[in-house]
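In: generate a structure from the sequence data that follows.
(chains A and B)
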Amino acid sequence: MSNTYQMIVCGVGGQGILTITDIIVMAARKKGLHILGSEVHGMAQKGGSVVTNLKIGEKLHSPTNPIGTCEVLVGLEQNESLRYMKFLKPRGIAITSNTVLFPISWKKDKKAADYAKEKIEENITKFDVKLVMIEAEKLAIEAGLALTQNIVLLGALSQVERFPLTEDELRDALKQRVPAKYLEQNLKAFELGIKTVKNL
Amino acid sequence: MAKLEELIANEENIVLCLGNEAIARGAIEAGVQLFAAYPGTPSSEASTAIIAASKKLGFYAEWSTNEKVAFETAYAASISGIKAMTACKHVGINVLADALYSAAYMGTKGGFVLLVGDDPHCFSSQNEQDSRWLGVSAQVPVLEPSNPQEAKEFTKLAFEISEKFETILVVRSTTRISHARSDVQFNKYETSFREGVFEKSNRYKCLPALARANHPKLVAKMESIKEWIPESGLSVVEGQNDTEYGIITSGISYAYVKDALEILDKDVPILKLGMVAPLDEKSILEFARNKKNIVFIEEVDPYLEDRISALFIQNGIVPKIHGKCTGITKKYHELNSRLVAEALQSVIGGELASVGEIQKAEEEITDFIPFRPPLFCPGCQHRAAFWELSKVVRKNKGIFASDIGCYSLDPWVTDTILCMGAGISMANGFSRIIKDKPIFAYIGDSTFFHTGLTALANAVYHKANINVLVLDNRMTAMTGFQPNPTEVIDIADVAKSLGVEYVVEFDPYDFENGKKTFEEALQHEGPTVIIMRKICANEWWRQQRRSGQKIEVYHIDPETCIACGTCIVQYQCPAISWSVDTNSKGKKYSIIDPSMCTGCSVCSQICPVKAISKEVDIDE
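Out: Okay, the predicted model is just below:
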């Protein structure tokens, strides 16, 4: 177990969670690392909360990561990052977008947006984790395509110490995975993700 | 997901794929020649992959109208000497059970495999039914793989065992196997598709006298399979021989046990059963005979625990039993390596890192994490239909019996959801005893052909005063947009030919027409069928984008919007949310995310101040 790198990617259905999971998996495979993942299909994909589990390493048995086991969490939405924060190890790294997507229960309350701004981050810090908050939407727009928020976070992930894949390995997989006509924007989003972490 | 070319490539290769795709590959390597299934999470991707492969490899495969039809189709092929397979989710078993229980008596010829995807934790299901019991109740052997690689091997092996013993083989997967992704070794395969040969025989008639004669044969068959398991290599003992403890497990639970023992740094012998019915009594007794404690680790029901405990009593051995009976694991929901480590620690000891701090933080934040239920997609015609219906149902205090499909997500009017096809039948029941309220049933196109047809015939026959609403979105959307008979059979024609007098069709986005139709239908005595036909908005949106068609999105005028929340809070379109900024009156307003809007127009129809209109293209 000690050699197994455990992580989760979470967000709201439709945010590109499976895409970055794919890229990580492709890069890991190319490097000859073993990978075991778990995802949930069906009802959960319709704008619901989505999480994928990943394990990279040698002796891989069960496909899910229980509470307190992950080195890193990549969250595409703040509430979802908070929801899955318990899966991080003490002092694990939470790379989360500052994006807030309002669930219907909150849309009823017009003040929820203000609450979200103040409280979510405070709640995340109740966990003993290293929080890396990224303005993913802003950077994705800067890259030329709002849909590349997931790739911004992937860029940031590549800078995590001990993460088993390098920047170059992830970039190569990214090139293979995203549609050619949006490659330029995706690569830029990836670079912006790298840069924003380096500047932290 | 793996590509089709990879899935069918006839070479030795390691492919990263879903457990379900590994199962599909197993069927291909075994040489499946007829496949029929009805989709259902978590089994669907296996069927999708086999059906896609069939077109390339040249064998017959179909999406059937329901699980029973699929099973019977495959069964006929099997008794004609052809390798056949069917697949369903756990509750699909209930639909095909009528055929299964008798087919088990009659036996098979060509390898026959029934893949069932169980869903512990109800990720996409209505219950946590445990299909391992089929081994006892229907007397069919059940294989239970513990990872995607085994899922492939066991599927292949299932065909072999089926042919060896002329029996139906159940391959039981669970969500965490079916939807796990890992490397799977693919092997070369030979296909020798041939014509079926049906040898006439009394064996295939389940008449009482013949069934009475077949039953002892079935019991004997299960006995001989039981005797054979030890030589099959399906029962595996791991770890040092130890007289103190032993763990008995199977399927995904085995994976949790392996992780848990590593976490606890303990070496305890494990007996992993690849076949969970019939039980490999010889290996189980050998494993347990000299042990003081036997720990059972399994998800949901205490299937192994109860059956093996009985076996111990029958054989006069009395280890202490740890499992569901001692509460170390629960009889519901899925397990994980932590839960299993805690369970094992309570019996065998060992160190387990505390998660107390995390649990404390979790308690503090729980109330702040919003519930995020799955919703209708932007532009979904179900939302439009239900919105319109909610006015009618509420005004008339109607009772609303819904069904299984995307429309189960309705937040407004649904009173009951039971199982596939139950909406119309339950409406029939309500109409018999509740006379002062209108009764509605709601059903999708795929569910209509699945089990709605018979219920509608019953309603016509008995002149039930009900309103049957069919939402025909042209496909089986919930499980991944599979095709179904609505492609070629007109539901309105079906209803009319069954004798429904009032049959109307309209576009669910057309509210004016809808209102008129509902009012008219309520005046009608006897069953009415109202068909709302429109291609699934999600699929339509994808088609538009793929073909480069522009989608005419809507936008909201910030100054006209009065922030009443009709579009956001009541209509609940995911594409609409509150603005961050305020308008000139200092008020927040609604905004439409143009990347999500499908241009369905419904919000513009329901806005009380007409603040929503089609976005004007600046270029024009």
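In: the helix or strand bottoming out on mean pLDDT in chain A vs chain B: in contact?
Out: Every helix and strand of chain A was ranked by mean pLDDT, DSSP states H and E. The lowest is helix A:104-107, at a mean of 73. Yes: counting by C-beta under 8 Å from any C-beta of the partner chain, chain B is contacted by helix A:104-107 at A:104, A:105, A:106, A:107. Bear in mind the C-beta positions are built from the backbone N, C-alpha and C, glycine included.
In: return the alpha-carbon coordinates of that helix using PDB.
Out: Below are the C-alpha coordinates for helix A:104-107, written out as PDB (Å, rounded to 0.1, in the frame of the first residue of the first chain):
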ATOM      1  CA  ILE A 104     -30.900  23.800  -6.800                       C
ATOM      2  CA  SER A 105     -31.300  23.800  -3.000                       C
ATOM      3  CA  TRP A 106     -29.100  26.900  -2.900                       C
ATOM      4  CA  LYS A 107     -30.600  28.600  -5.900                       C
END
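In: average pLDDT for stretch B:285-298, rounded please.
Out: In this model, stretch B:285-298 has an average pLDDT of 97.
In: what's the answer for stretch B:425-444, then?
Out: Regarding stretch B:425-444, the rounded mean pLDDT is 97.
In: swap in stretch B:353-360?
Out: If you average the pLDDT over stretch B:353-360, you get 96.
In: what does stretch B:543-558 give?
Out: Here the average pLDDT along stretch B:543-558 is 91.
In: same deal with stretch A:119-138?
Out: Mean predicted confidence for stretch A:119-138 is 93.
In: looking at the stretch 51-200 of chain B, which residue is nearest chain A?
Out: residue B:124 (3.2 Å; C-beta to the nearest C-beta).
In: where do the strands sit along chain A?
Out: With strands called from DSSP state E, chain A shows them at A:5-12, A:34-38, A:49-57, A:70-75, A:88-97, A:129-134.
In: export the fifth one to CSV, keeping only CA atoms.
Out: Right, the one you point to is strand A:88-97. Provided in CSV are the C-alpha atoms of strand A:88-97 (Å, rounded to 0.1, in the frame of the first residue of the first chain):
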residue,chain,number,x,y,z
LEU,A,88,-7.5,13.2,1.8
LYS,A,89,-4.8,12.1,4.1
PRO,A,90,-3.7,14.5,6.8
ARG,A,91,-1.7,17.2,5.0
GLY,A,92,-2.8,15.9,1.6
ILE,A,93,-3.1,18.4,-1.2
ALA,A,94,-6.4,19.8,-2.3
ILE,A,95,-6.2,21.4,-5.7
THR,A,96,-9.6,23.0,-6.2
SER,A,97,-11.1,25.4,-8.6
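In: can you lay out the strands of chain A as CSV showing mean neighbour count?
Out: Below are these laid out as CSV (neighbours: other C-beta atoms under 10 Å in any protein chain shown):
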stretch, mean neighbour count
strand A:5-12, 25
strand A:34-38, 22
strand A:49-57, 23
strand A:70-75, 26
strand A:88-97, 22
strand A:129-134, 19
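In: residue B:471: what secondary structure?
Out: strand (DSSP: H, G, I helix; E, B strand; the rest coil).
In: any idea how far residue B:174 is from it?
Out: Per C-beta to C-beta, to the nearest Å, residue B:471 is found 31 Å from residue B:174.
In: center of chain A, which residue is that?
Out: Residue closest to the average C-alpha location in chain A (C-alpha atoms, centre = their mean): residue A:74, at 2.4 Å.
In: now do the same for that one: its pLDDT.
Out: Reading off the model, residue A:74 has pLDDT 98.
In: please name the nearest non-neighbouring residue to it.
Out: Spatially, and ignoring its direct neighbours in sequence, residue A:74 is nearest to residue A:9 (4.6 Å; C-beta to C-beta, 6 or more residues apart in numbering or on different chains).
In: partner residues bridging the one you found?
Out: Under the criterion DSSP bridges, residue A:9 forms beta bridges with residue A:52, residue A:74.
In: residues contacting it?
Out: Applying C-beta atoms under 8 Å, 6 or more residues apart in numbering or on different chains to residue A:9 gives the contacts A:17, A:20, A:21, A:24, A:51, A:52, A:54, A:73, A:74, A:75, A:76.
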